[in-house]
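**Q** let me see the structure of the following:
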Amino acid sequence: MTNHGLSYRIEVPEPGCGELLVDLEVPMAAWSPATGSPAAGIPAHGTGADARAAEREVLVFLPAWTPGSYLVRDYSRHLSRIAATDAVSGATVACRKVSKNRFALTVPATTERLRLSYRVYAHELSVRTADVTGEHAFWNHACLLLWPVDRPLLPAIIEVVFPEAWQLACALPACPTESAEARPATIRGRQQVRRLLARDMEHAFDSPCLVGSLQVCSWTSLGVRHSIVMDGLAGVEPPASLTDDLGRIVEAAAAVFGGPLPYPEYAFLCLFAADGHGGLEHRDSTTLLFARTALGSDKGYREFLGLAAHELFHAWNVKRLRPVEFWAYDYERENYTSFLWLIEGWTAYYDDLLCLRAGLLSRSDYLEIVAKNINSTMQAPGRLRLSLAESSFDAWIRLYRPDENTRNSSQNYYVNGSVAALALDLMIRCDSGGKASLDDVLRRLWTDTYAAGRGFGIEDVSRAVLAVASPNTLAAMMEFANGKLDPQLAPLLASVGIRLQVRDAERAFLGLQFESGSTVAASITAGSPAHLAGLQPGDEVLALQGLRVDSNRWQDVFQAVARPDATVEMLLARRGVVQRLPVVAGKSAGTVALEVDESAPESARHLRELWLAARPKDRSGPLPVPAPVQPT
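**A** Residues are numbered from 1 along each chain as shown. Next up, the predicted model:
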């Protein structure tokens, strides 16, 4: 492998410098006639056939995006100039940039190994980028590793050099030349070196790396080692039940799909900071960004467990079970799919449901979360304008590039997709008398597609639904995905013994959302009283009915002076000009609340108990796991 694979060296030169140094050695044997021709479209240099025969062209690229975060981010903007040399003689090799993220190397025929050296600026603390400070270094390899074009199956050794006092966490296995005792590996001066092995390009790009003074806790679930790696806690103590709680979530997720866990090991890489919230899934790990102090509250800790459950569920749904369009990623441009409502929306439905099943959420807490999702979905008119499938396809230009009109023109396939999944799950349970659920759809989809070595299409999803539900339920799912998202939730919830109540439906309503901490309009709901009156995003509301307002007093003043169907005079500043605007307030549609209906028929109560079944907090032993499904 050392003769035909790639060799990287990633070094943290000075903690706190905000840069990473990268060296790459490319074996020219990979460009022999037996392994493929030079990259097309790159002309040879020199004059005559002899000059062309004496040179080979190597084209390398840096990814433009990271799967799971659907926006082209152009990581190459953080690359320094590339120095290219013959790795043996040190002779300079010509390197020229041929596009924003591609570089062409003109390599003499006598060169056996090509070396590229460059720096990467790293100062963005997010789950998808790279960040180097005096306390840690974190990166996704997609931000760092130049890779030869058209050589995705090349293996790679990645050598990481970092301060001796730090630890390293990465899902990539240790290089086989290192024994198990070599963790942490050899020490060179005040630095230590770890050598990791990536079997191919996707394996490398899909395995983020975290080094620093880390807190690591490990446990075994269903015979597989798991770990949570915590960076940035700064004295905040994690809950004592953390590993037990995560273990319960792992077991609950495994029970959905059945069979053994799909990964050899799994790591939760946690970046704790003053604020922030996010996660990014990977095949054998995930990166979570979370506010460190939130762990100290029950609500904050529940949210953290929900985030962890969401990203873990992706180890099945999207990292393995995925649409045919994602079966082989193109890392240089947008990868379009209409299925984000399934791979993200269904995952968003299951994250809190897994916490309930694991005994980590009370039934009332879970229903409160579901009600919040329903309110978020129903209050945004975009669900009636652009379908979930269209919003999925447009994620690259809408969800990840929101503006003041996004909630009117599109829909959030995470939250809205979770509400569609809720409706579908309840319909399947009613169709089958509680004998089947959305779990069965996912299990069948896994068996028919991923276990068969392929991605899924809509026909596969349709077959999986029809296997456990009626044609009417399949038609409803297709309408949820391709038409207006307007499920009749009240009767659906009643069929499982849950009462949907609407509160505060008689209050005055404008349809105006403010920027955080201000009275500047961030967005205006289409068709609302504010919209009909001509209020615009960016307008700053100064007073209502002659009463001064600010972000703290807005609600109190509005509720005191506004009445449905009555005119309220608004004083506002628009682009530096103060003006008066009369607005006729409307009537609020209210907010949804869910509660258990103890008077529901016995059949509905039976379905409710099946849907909201939870593992007792004090019960030992794993959750029951359905019959195993062996992935290929």
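
**Q** where along the stretch 151-300 of the chain do the strands fall?
**A** Taking DSSP state E, counting those that start in this stretch as the criterion, the stretch 151-300 of the chain contains strands spanning 156-163, 167-170, 187-188, 191-198, 209-212, 215-221, 224-231, 265-273, 277-281, 285-291.

**Q** tell me what angle the longest one forms with strand 224-231.
**A** With axes from the mean of the first three to the mean of the last three Cα atoms, to 10 degrees applied, the angle from strand 265-273 to strand 224-231 works out at 20 degrees.

**Q** what lines up beside strand 265-273 in the sheet?
**A** If you go by DSSP bridges, strand 265-273 pairs up with strand 224-231 (parallel), strand 285-291 (parallel).

**Q** now the longest one and strand 215-221, what's the angle there?
**A** Spelled out, it's strand 224-231. Following the same axes, to 10 degrees, one obtains 160 degrees for the angle between strand 224-231 and strand 215-221.

**Q** and the next element down the chain from the lowest-mean-pLDDT helix or strand in the chain?
**A** Least confident helix or strand of the chain, by mean pLDDT, DSSP states H and E, is helix 48-53 with a mean of 50. The element immediately downstream of helix 48-53 (helix or strand, assigned by DSSP states H and E) is strand 55-61.

**Q** what helices or strands is that following strand leaning on?
**A** Applying 3 or more Cβ pairs under 8 Å, 6 or more residues apart in numbering; DSSP states H and E, one finds that strand 55-61 contacts strand 19-27, strand 102-108, strand 147-148. Using the backbone N, CA and C atoms, a C-beta is placed for each residue, glycine as well.

**Q** pull the first one out as PDB, backbone CA atoms only.
**A** What follows is the C-alpha trace of strand 19-27 in PDB, where atoms were taken according to Å, rounded to 0.1, in the frame of the first residue of the first chain:
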ATOM      1  CA  GLU A  19      -3.300  27.100  10.700                       C
ATOM      2  CA  LEU A  20      -2.600  23.400   9.800                       C
ATOM      3  CA  LEU A  21       0.400  22.300   7.700                       C
ATOM      4  CA  VAL A  22      -0.300  19.500   5.200                       C
ATOM      5  CA  ASP A  23       2.100  17.400   3.200                       C
ATOM      6  CA  LEU A  24       0.900  14.900   0.600                       C
ATOM      7  CA  GLU A  25       2.900  12.300  -1.200                       C
ATOM      8  CA  VAL A  26       1.300  10.900  -4.300                       C
ATOM      9  CA  PRO A  27       2.700   7.600  -5.800                       C
END
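
**Q** who does it pair up with?
**A** Strand 19-27 is paired, per DSSP bridges, with strand 6-11 (antiparallel), strand 113-121 (antiparallel).

**Q** likewise for the shortest one?
**A** Each strand paired with strand 147-148, and its direction, by DSSP bridges: strand 55-61 (antiparallel).

**Q** now the strand it pairs with against strand 102-108, angle please.
**A** 160 degrees.

**Q** send me strand 55-61 as PDB with only the CA atoms.
**A** The C-alpha coordinates for strand 55-61 follow below in PDB (Å, rounded to 0.1, in the frame of the first residue of the first chain):
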ATOM      1  CA  GLU A  55       5.600  14.100 -18.600                       C
ATOM      2  CA  ARG A  56       2.500  13.000 -16.800                       C
ATOM      3  CA  GLU A  57      -0.400  15.200 -15.700                       C
ATOM      4  CA  VAL A  58      -1.800  14.800 -12.200                       C
ATOM      5  CA  LEU A  59      -5.000  16.700 -11.300                       C
ATOM      6  CA  VAL A  60      -5.900  17.100  -7.600                       C
ATOM      7  CA  PHE A  61      -8.900  18.800  -6.000                       C
END
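
**Q** what mean pLDDT does it have?
**A** For strand 55-61, the mean pLDDT works out to 94.

**Q** tell me how far that strand is from the chain's mean position?
**A** 33 Å (Cα atoms, centre = their mean, to the nearest Å).

**Q** next SSE downstream of that strand?
**A** Heading C-terminal from strand 55-61 (DSSP H and E), you reach strand 83-86.

**Q** in that next one, what counts as buried?
**A** Residues of strand 83-86 classed as buried: 84, 85, 86 (neighbour count, 16 or more other Cβ atoms under 10 Å).

**Q** any chance of those residues in CSV, plus pLDDT and distance to residue 484?
**A** Shown next, in CSV, are the buried residues of strand 83-86 (pLDDT from 0 to 100; distance: Cβ to Cβ, whole Å):
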residue, pLDDT, distance to residue 484
84, 97, 55
85, 97, 60
86, 96, 62
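
**Q** between these, which is nearest residue 386?
**A** Nearest to residue 386 among the buried residues of strand 83-86 is residue 84, at 46.5 Å by Cβ to Cβ.

**Q** what's the spacing between the closest one and residue 58?
**A** Distance, residue 84 to residue 58, by Cβ to Cβ, to the nearest Å: 9 Å.

**Q** which neighbours do those two have in common?
**A** Shared contacts of residue 84 and residue 58, defined by Cβ atoms under 8 Å, 6 or more residues apart in numbering, are found at 105, 114.

**Q** what sits opposite the spatially closest residue to residue 243 that is not a sequence neighbour in the beta ladder?
**A** Here the nearest residue to residue 243 in space, its sequence neighbours aside, is residue 219; by Cβ to Cβ, 6 or more residues apart in numbering that works out to 4.5 Å. Here residue 219 sits in beta bridges with residue 226, going by DSSP bridges.

**Q** quick one, what contacts residue 219?
**A** Residue 219 makes contacts with 225, 226, 227, 243, 244, 246, 247, as judged by Cβ under 8 Å, 6+ apart.

**Q** same thing but at 7 Å, please
**A** 226, 243, 247 (Cβ atoms under 7 Å, 6 or more residues apart in numbering).

**Q** of these, which is the nearest to residue 263?
**A** residue 226 (9.3 Å).

**Q** re earlier: to residue 390, which of the strands of the stretch 151-300 of the chain lies closest?
**A** Residue 390 lies closest, by Cβ to Cβ, to one member of the strands of the stretch 151-300 of the chain: strand 277-281, at 23.4 Å.

**Q** returning to that earlier point: ok, of the buried residues of strand 83-86, which one's closest to residue 264?
**A** Distances from residue 264 to the buried residues of strand 83-86, taken by Cβ to Cβ, are shortest for residue 84, at 36.2 Å.

**Q** these two touch, right, that closest one and residue 96?
**A** No: with contacts counted by Cβ atoms under 7 Å, residue 84 stays clear of residue 96, the gap being 9.7 Å.

**Q** what about residue 8, neighbour count?
**A** As a burial measure, residue 8 scores 23 neighbours (other Cβ atoms under 10 Å).

**Q** what of the one 10 residues further on?
**A** Counted by other Cβ under 10 Å, the residues lying close to residue 18 total 17.

**Q** how long is stretch 235-251 end to end?
**A** End-to-end distance for stretch 235-251: 30 Å, by Cα to Cα, to the nearest Å.

**Q** quick one: mean pLDDT over stretch 102-113.
**A** Averaging the model's pLDDT scores along stretch 102-113 yields 95.

**Q** show me the contacts for the spatially closest residue to residue 271 that is not a sequence neighbour.
**A** Nearest in space to residue 271, with sequence neighbours left out and distances taken as Cβ to Cβ, 6+ apart, is residue 289 at 4.7 Å. Going by Cβ under 7 Å, 6+ apart, residue 289 touches 126, 127, 271, 273, 276, 277, 278.

**Q** are any of the residues you listed buried, and if so which?
**A** For the contacts of residue 289, a neighbour count by 16+ other Cβ under 10 Å gives the buried set as 126, 127, 271, 273, 276.

**Q** in the sheet, who's paired with the most centrally placed residue in the chain?
**A** Nearest to the geometric centre of the chain sits residue 280, at 4.0 Å (Cα atoms, centre = their mean). Assessed by DSSP bridges, residue 280 has beta-bridge partners residue 287.

**Q** so who does it touch?
**A** By Cβ under 7 Å, 6+ apart, the contact list for residue 280 reads 66, 68, 69, 127, 128, 286, 287.

**Q** which among the residues you listed end up buried?
**A** Using 16+ other Cβ under 10 Å, the buried ones in the contacts of residue 280 are 66, 68, 69, 127, 128, 286, 287.
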